[in-house]
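Student: Sequence first, then the predicted structure, then my questions.
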Amino acid sequence: MTKNNLATILLVAGTSLVLSACSTNSEYREGSMTDPFESSNRTIFAFNKAVDKAVIHPVVKGYRFIVPEPGRKGLRNFLRNLKSPVTLANEVLQGDVDGAGKVVLRAVVNTLVGVGGVFDVAGAEGYEYEQEDFGQTLGAWGVGHGPYLVLPILGPSSARDYAGYIVDSFADPLRWYLFNIDEEGWYYAKVGVEYLDLRESLVDVLEELEKSSIDYYAAVRSTYYQRREALVRDQMATADGGEADHP
């Protein structure tokens with residue numbers, strides 16, 4: 001089975017989850033998100049929590065110790081700049097003309113003046129970064145979250161947003177280019193660095209949430225839903241505290 005066939009299968013499976021979400025029944029419901037798999041989700045959540053404490057958080061804190069804050073911020077800016085084509089596509093699909101124009105302006109300015117995007121020159125001039133992904137696009141089109149899902153290592157998301165992540169990954173022009181020149185390793189390295197950056201942005205928030213919560217699982221679930229709803233409504237334009245709630 002080729003990598004492209006595997007990606008297609010994952011895309012179809014993710015989309016099927018979204019389409020089946022409307023018929024899902026569960027005692028828990030928050031807006032359009034249900035948790036019919038709560039028992040297994042909690043088991044995986046406990047596993048992820050153990051991995052976080054034993055591996056992920058120590059690695060993230062080691063990364064913080066080795067790489068100073070300006071370096072981490074520069075890497076985050078660079079990764080965001082690489083995402084510009086996917087972000088632009090989602091702005092267009094959502095019918096946000098102003099947002100699409102801002103993405104183009106940011107990409108041009110930060111690439112040419114910001115050393116390939118390492119420095120957020122456009123942001124300093126008031127054109128701040130806005131996270132846009134296909135999960136948000138589906139939300140803007142009226143597609144509900146569907147079932148809440150917790151996957152090993154990848155963590156919490158919803159059927160809609162995991163499907164959106166698969167679409168974004170599959171449609172990424174950088175992915176197509178690297179796969180076409182047989183340099184898949186660079187793409188997977190980028191994914192790994194994105195995951196490290198994401199976890200670094202969330203580590204403090206998650207540790208504080210765990211300390212202040214009676215039910216950490218329920219708190220993460222509710223926080224996830226509220227944040228994604230805010231992103232769909234463009235209420236969190238800068239998102240410096242974290243890139244996304246899935247890898």
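Tutor: Happy to help now that I have it.
Student: For the residue nearest to residue 194 when sequence neighbours are not counted, I want the exact helix or strand it lies within.
Tutor: Closest residue in space to residue 194, ignoring its immediate chain neighbours: residue 79 at 5.7 Å, by C-beta to C-beta, 6 or more residues apart in numbering. Backbone N, C-alpha and C define where each C-beta goes, glycine included. Here residue 79, judged by DSSP states H and E, is contained in helix 69-82.
Student: Tell me which residues of that helix come out buried.
Tutor: 72, 74, 75, 76, 77, 78, 79, 80, 81, 82 (16 or more other C-beta atoms under 10 Å).
Student: so what does it touch, helix or strand wise?
Tutor: helix 97-112, helix 184-212 (3 or more C-beta pairs under 8 Å, 6 or more residues apart in numbering; DSSP states H and E).
Student: residues near residue 202, how many?
Tutor: Residue 202 has 20 neighbours, counted by other C-beta atoms under 10 Å.
Student: Same check on the one 5 residues further on?
Tutor: Other residues within reach of residue 207 by the criterion other C-beta under 10 Å amount to 13.
Student: Tell me the spacing between it and residue 216.
Tutor: 10 Å (C-beta to C-beta, to the nearest Å).
Student: same thing with residue 125?
Tutor: Note on residue 125: its distance to residue 216, by C-beta to C-beta, is 40 Å.
Student: Which of those two has more residues huddled nearby?
Tutor: residue 216 (16 against 11).
Student: check contacts around the more buried one.
Tutor: 49, 209, 210 (C-beta atoms under 8 Å, 6 or more residues apart in numbering).
Student: what about the second one, neighbour count?
Tutor: By the criterion of other C-beta under 10 Å, residue 209 has 14 neighbours.
Student: same question, residue 176
Tutor: As a burial measure, residue 176 scores 13 neighbours (other C-beta under 10 Å).
Student: in a helix, that's where it is, yeah?
Tutor: Yes. Counting by DSSP: H, G, I helix; E, B strand; the rest coil, residue 176 is located in a helix.
Student: mind checking pLDDT for it?
Tutor: On the pLDDT scale, residue 176 is placed at 95.
Student: and after the helix holding residue 79, which helix or strand comes next?
Tutor: Per DSSP H and E, helix 69-82 leads on to helix 84-93 as the next helix or strand towards the C-terminus.
Student: now the angle between helix 69-82 and that following helix, please.
Tutor: Angle, helix 84-93 to helix 69-82, by axes from the mean of the first three to the mean of the last three C-alpha atoms, to 10 degrees: 60 degrees.
Student: Could you pull out the buried residues of helix 84-93?
Tutor: Neighbour-count burial for helix 84-93 flags 84, 86, 87, 88, 89, 90, 91, 93 (criterion: 16+ other C-beta under 10 Å).
Student: Neighbouring strands - and their directions - for the strand ranked longest in the chain?
Tutor: The residue-count maximum for a strand in the chain (DSSP state E) belongs to strand 146-151. Partners of strand 146-151 in the sheet, by DSSP bridges, are strand 33-34 (parallel), strand 155-158 (antiparallel).
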